[in-house]
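>>> Structure of the sequence below:
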Amino acid sequence: SKPALSMYRALPDGEIAIEEFERFAMDRLRVLKGIEDLKVKGFRFDQMEPKILELYEQHMGGATSEERHRKDIISHFVLRLAYCSTDDLRRWLLAQECDLFRARFNQMLADEQVPQEFSEELREKLLQVLMSLPGVKATAGMVTADSFYKVPFEQVPDLVASRRVYLQAGFAYVSRDQMSSLVIQPFRAALSKALTVTARRWEVVVAPGEADRLAPMVQSLSRRYLGPDFSNREVDDDKRPKAADIPRLARESFPLCMATMYDALHEKHHLKHDGRLQFRLFLKGIGLPLDQALHFWRTEMAPVTPTEKFTKEYEYGIKHSYGKEGKRTDYTPYTCAKIVSSIPGVDQVHGCPYRTFNQQSLRSALGRLQVSPAKIEEAVGKAAAGHYQLACAAAWEGKHGCSCDSGINHPNQYFEESRKALQ
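Numbers count the residues shown, from 1 in each chain. Below you'll find the model as predicted:
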């Protein structure tokens, strides 16, 4: 049987392994981020609905209905913990969870449409229920076969408890018009309140006791990037860029953050530590091989860094980024979220220009990148409103003259979308 759609009133019980805890949350996050992407692309809810259900099926499946139900409940509560700490996070979670709930609720109703046989007695009873609801001017014409849903009563316990539906033979008859106000609004209100309570209790009860084990994982969930990590790009050797290609690629396809760093390096022949790391990993992510990376950095820094000094002080760091020194970890290029959160100090040029540049500097930088004037204004406006990734997507569109359907959430993704568009 299909489990009831949960209003998430009761905490999940039973044991849960930490790996499962994280995996379930990540899967649900993929669904919610997918919903956000659909909204960013300007879809109306009725257009989004089938896509939302598809996302849910894809990421939240399980072998049995019990497993699916358990995953649904656990993942919802883990994300409550991850997204309760600030107003912005709470608002974000509330918006996506309400859209997900609404789509799943509508699907449940579509499966339970009332059959066409409507006895006079049933029509009379349903009219009485409608007339008893506050603020509804009920008329006999409102009671038609397609204006009511017939739902197994255990799927709508809240409606049954508040006596707002007609019950007969184990089924609840629910008016289509009442659906939103009876179910979706209470869901939103209850979740909004629960998030505020969770924030208070997490501070007081949960976090200190779980500081070593759960807190770091839960707190990192809201900053998690879910796309490809660009660490080991499968690129044919003949297609990999060479050191000599970097100036041209910077002009054609680097996002503003990386173009700014390339310009600074080319002009001053040096970047501070954080900038070197951010830029080095980006270049690795576009497929620049280690030998070419060494050649590129050596050449760019040569005017102020003699070969011996370069070998002694900088070569190790470059090899280290490629996993060839030290712990031999294969480091991954930075995501937009990570770059946006790092604020450069004096004489540093890393970080996200849409966040760190003033409007005048941003306008001139985008002009140098050859972004169309209308899109420069759109990007400056989005950046001023704190939507840095949307600003970057507007700049991408203004440079390439076509729309950026995927949105921008990683500098290496910006680069790859650019290469595709140019080819």
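
>>> Model confidence for the residue nearest to residue 342 when sequence neighbours are not counted, exactly?
Excluding the flanking residues, the one nearest residue 342 by C-beta to C-beta, 6 or more residues apart in numbering is residue 351, at 5.2 Å. (Glycine included, C-beta is placed from N, CA and C.) pLDDT recorded at residue 351 is 92.

>>> element containing residue 351?
Using DSSP states H and E, residue 351 is not contained in any helix or strand.

>>> In contact with it, which residues?
Contact analysis of residue 351 by C-beta atoms under 8 Å, 6 or more residues apart in numbering lists 257, 339-340, 342-344.

>>> those helices in the stretch 151-300 of the chain, which residues are they?
157-161, 178-179, 185-201, 207-209, 215-221, 246-253, 256-268, 273-285, 290-301 (DSSP state H, counting those that start in this stretch).

>>> Ok, which of these comes nearest residue 139?
Among these, the nearest to residue 139 by C-beta to C-beta is helix 178-179 (15.1 Å).

>>> so where's the stretch 151-300 of the chain shaky on pLDDT?
177-178, 180-182, 203-212, 224-227, 232-236 (pLDDT under 70).

>>> just checking, what's the longest helix in the chain?
Ranked by residue count under DSSP state H, the longest helix found in the chain is helix 87-111.

>>> Let me see the mean pLDDT of that helix.
Mean pLDDT, helix 87-111: 87.

>>> separation between the residue nearest to residue 342 and residue 343?
To residue 343, residue 351 is 6 Å away according to C-beta to C-beta, to the nearest Å.

>>> follow-up on the earlier one: now do the longest helix of the chain: distance to the chain's middle.
Centroid separation for helix 87-111 versus its chain: 15 Å, with C-alpha atoms, centre = their mean, to the nearest Å.

>>> Ok, stretch 257-270 next?
Put simply, stretch 257-270 sits 30 Å off its chain's centre (C-alpha atoms, centre = their mean).

>>> ok, now stretch 56-65?
Using C-alpha atoms, centre = their mean, the offset of stretch 56-65 from its chain centre is 20 Å.

>>> Same question for stretch 119-132.
On the basis of C-alpha atoms, centre = their mean, stretch 119-132 sits 45 Å off its chain's mean C-alpha point.

>>> In that stretch, which residues are buried?
122, 125-127, 129-130 (16 or more other C-beta atoms under 10 Å).

>>> so can I have JSON lines of the residues you listed showing secondary structure and pLDDT?
Formatted as JSON lines, those follow (DSSP: H, G, I helix; E, B strand; the rest coil; pLDDT from 0 to 100):
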{"residue": "122", "secondary structure": "helix", "pLDDT": "85"}
{"residue": "125", "secondary structure": "helix", "pLDDT": "86"}
{"residue": "126", "secondary structure": "helix", "pLDDT": "85"}
{"residue": "127", "secondary structure": "helix", "pLDDT": "85"}
{"residue": "129", "secondary structure": "helix", "pLDDT": "82"}
{"residue": "130", "secondary structure": "helix", "pLDDT": "80"}
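
>>> Which of those residues sits closest to residue 202?
Among these, and counting by C-beta to C-beta, the member closest to residue 202 is residue 129, at 41.0 Å.

>>> can you tell me which residues contact the closest one?
164-166, 173, 175.

>>> let's go with 6 Å and repeat that
Contact analysis of residue 129 by C-beta atoms under 6 Å, 6 or more residues apart in numbering lists residue 166.

>>> ok, so what distance separates it from residue 140?
From residue 129 to residue 140 the distance is 13 Å (C-beta to C-beta).

>>> nearest to residue 311, of the helices of the stretch 151-300 of the chain?
Judging these by C-beta to C-beta, what sits closest to residue 311 is helix 290-301, at 8.6 Å.

>>> So for the closest one, what gets flagged as buried?
Residues of helix 290-301 classed as buried: 292-294, 296-298, 300-301 (neighbour count, 16+ other C-beta under 10 Å).

>>> Nearest to residue 363, out of those: which one, please.
Closest to residue 363, out of all of these and judged by C-beta to C-beta, is residue 300, at 27.2 Å.

>>> hmm, back to that, quick one: buried residues of the longest helix of the chain?
89-90, 92-94, 96-109.

>>> Which helix or strand contains residue 327?
When elements are assigned from DSSP H and E, residue 327 belongs to no helix and no strand.

>>> That one: neighbour count?
Counted with other C-beta atoms under 10 Å, residues neighbouring residue 327 total 7.

>>> One more: the one 5 residues further on?
Counted with other C-beta under 10 Å, residues neighbouring residue 332 total 17.

>>> All further residue positions should be reported with the first residue as 14.
Done: numbering now begins at 14, and the last item shifts to residue 345.
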